[in-house]
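**Q** Any chance you can model this:
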Amino acid sequence: MKTLEYILSPYDYSQFMAENWTKKAIHISAGGNPRFDRLFSWQHLNYLLSYTDLDSNDIDLILNGKIVSRTEVVSPQELFHPGKLLKFLQKGATLKFNNLQKRVPEIAEFVSELRYEIGYSNLTVNAYSSFPGKQGFVSHYDPYEIFILQIDGAKQWKVFPETLQYPLESQPSMYFDPPAAKPYLNTVLEPGDVLYLPKGHWHYAIAVGKPSLHITLGIHCATGIDFLEWVVNQLKQSPDWRKNLAFPTENYGENIKTQLSALLKKLGEHTANSDLPAGYIYDLMTAAHPVNTYALPQQTGFNIFPKGINTRFRIPTWQRVIISQVSETAYKVKCWEKEVILPEVNQAFLEKLFSLEMFTGKDVMRWLPDLAWEDEIMPILSSLVQEGMIFVDSSNPVEEYLRREEDLETWDN
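**A** Prediction:
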């Protein structure tokens, strides 16, 4: 958990998980170290606003506690007219930029690393710029875990107890009244500081002194309800569960009652005979995709071996693969929504391959000495490249890599 430990430092990770995670907000001071400015900055924000094609899904403006584009004041399209956005910011509106993990490479890498470590794929990062004395959102809660990473300026946060324990995404705070209690945490974040907000805990914030810039890391953990919905999707494959139920009025309701009792019995048999938890965990673990998704033209089958047997390949950063045997001589490799069946390989070879950062075709020949290069190994590597599980590395000459080949020899032992 290196990434999460870095976010929490200098606070102890084990103590955080025991005392704070899902239970209580905490402010972690960085002692004046602006440690998150490598992830995002005013320069990043200015670039995104100036040079990228944005729409109303990318940004929100919050003024006087309301999202501007959701009021009658201005339509979403009007926000992007020349000067319109700036005028609202000059009035003190808070700017929220959504899903930075899709726009900023540094944050995409950061999120991919954390996804790999915790096993959940639904992580989002938003940025907020706000101005002194101007409150953005009114007091509200979020239905997921949040880490506030202060980038620049200072912001005062007030955190209140939950009124609904562990709210779901379908239970937003707009349908509930905020608590009457006083905030149990009233604190000011400085650059490099972190504030953890458990799901369901009410909060609001105001910039103090000068403009504030922070990013929020939202971690959407799976719940028991998510697991049940996954089980329902499994049951949809059976005609027994797709069949119409009887009319509730038929035979005084006895017919439909008999059907429901039979379905409950089938459900019990299904849960007893199927390793549902393992299947659900498998799907969770393979849902997160790495940063690298496209690599053209190689993924279309062209120029995969520019250096022949000396072609160098690299494994995408923070890629999680799951290897399973499908026959006596074939294995399935799955990553995210991608999977490939590889013949004439073994578990040890695949585990070795995906544990490395880089390798060459010559390495594979050494690891699979009984296979022919053109007829067997090239098709294996081609399949992995075209599925985006490995990438052809053409940024550096092969000679640079060959100087490190002595280190790779240790894998032969």
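
**Q** Pull out the CA atoms of the longest helix seen in the chain and give them to me as PDB.
**A** Taking DSSP state H as the criterion, the chain has its longest helix at helix 254-273. The C-alpha trace of helix 254-273 is given here as PDB (Å, rounded to 0.1, in the frame of the first residue of the first chain):
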ATOM      1  CA  GLU A 254     -50.800 -19.800  -3.900                       C
ATOM      2  CA  ASN A 255     -49.300 -20.300  -7.400                       C
ATOM      3  CA  ILE A 256     -46.900 -17.400  -7.200                       C
ATOM      4  CA  LYS A 257     -46.000 -18.300  -3.600                       C
ATOM      5  CA  THR A 258     -45.000 -21.800  -4.700                       C
ATOM      6  CA  GLN A 259     -42.900 -20.400  -7.500                       C
ATOM      7  CA  LEU A 260     -41.100 -18.000  -5.200                       C
ATOM      8  CA  SER A 261     -40.400 -20.800  -2.700                       C
ATOM      9  CA  ALA A 262     -38.900 -22.900  -5.400                       C
ATOM     10  CA  LEU A 263     -36.700 -20.000  -6.500                       C
ATOM     11  CA  LEU A 264     -35.500 -19.400  -3.000                       C
ATOM     12  CA  LYS A 265     -34.600 -23.100  -2.800                       C
ATOM     13  CA  LYS A 266     -32.700 -22.800  -6.100                       C
ATOM     14  CA  LEU A 267     -30.900 -19.700  -4.800                       C
ATOM     15  CA  GLY A 268     -29.800 -21.600  -1.700                       C
ATOM     16  CA  GLU A 269     -28.500 -24.400  -3.900                       C
ATOM     17  CA  HIS A 270     -26.700 -21.900  -6.200                       C
ATOM     18  CA  THR A 271     -25.000 -20.200  -3.300                       C
ATOM     19  CA  ALA A 272     -24.000 -23.500  -1.700                       C
ATOM     20  CA  ASN A 273     -22.600 -25.100  -4.800                       C
END
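
**Q** List the strands paired with the host helix or strand of Asp60, with their directions.
**A** Here Asp60 sits within strand 59-63, counting by DSSP states H and E. Take DSSP bridges as the rule and strand 59-63 pairs in its sheet with strand 66-67 (antiparallel), strand 94-97 (antiparallel).

**Q** Report the distance from that strand to the chain centre.
**A** 24 Å (Cα atoms, centre = their mean, to the nearest Å).

**Q** in that strand, what counts as buried?
**A** Neighbour counts over strand 59-63 (16 or more other Cβ atoms under 10 Å) mark 59-63 as buried. C-betas here are computed from N, CA, C, even on glycine.

**Q** what does that strand rub up against?
**A** For strand 59-63, contacts defined as Cβ atoms under 8 Å, 6 or more residues apart in numbering pick out 67-69, 79, 85, 88-89, 91-98, 136-137.

**Q** List the ones among these that fall in helices.
**A** Residues of the contacts of strand 59-63 located in helices (DSSP H): 85, 88-89.

**Q** between the residues you listed, which is closest to Pro316?
**A** Leu85 (35.8 Å; Cβ to Cβ).

**Q** Quick one: residues contacting the closest one.
**A** Contacts of Leu85 (Cβ under 8 Å, 6+ apart): 49, 59, 61, 79.

**Q** Low-confidence bits of the stretch 251-400 of the chain, can you list those?
**A** Confidence mapping of the stretch 251-400 of the chain against pLDDT under 70 gives the ranges 288-292, 395-400.

**Q** about what we covered before: in JSON lines: the ones in helices among the contacts of strand 59-63, plus pLDDT.
**A** JSON lines is the format used below for the ones in helices among the contacts of strand 59-63 (pLDDT from 0 to 100):
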{"residue": "Leu85", "pLDDT": "86"}
{"residue": "Phe88", "pLDDT": "88"}
{"residue": "Leu89", "pLDDT": "91"}
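
**Q** okay if I get those residues as CSV plus distance to Met17?
**A** Formatted as CSV, those follow (distance: Cβ to Cβ, whole Å):
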residue, distance to Met17
Leu85, 41
Phe88, 40
Leu89, 39
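
**Q** Buried ones in the longest helix of the chain, by neighbour count?
**A** Judged by neighbour count using 16+ other Cβ under 10 Å, the buried positions of helix 254-273 are His270.

**Q** One more: stretch 212-229?
**A** By 16+ other Cβ under 10 Å, the buried positions in stretch 212-229 come out as 212-222, 226.
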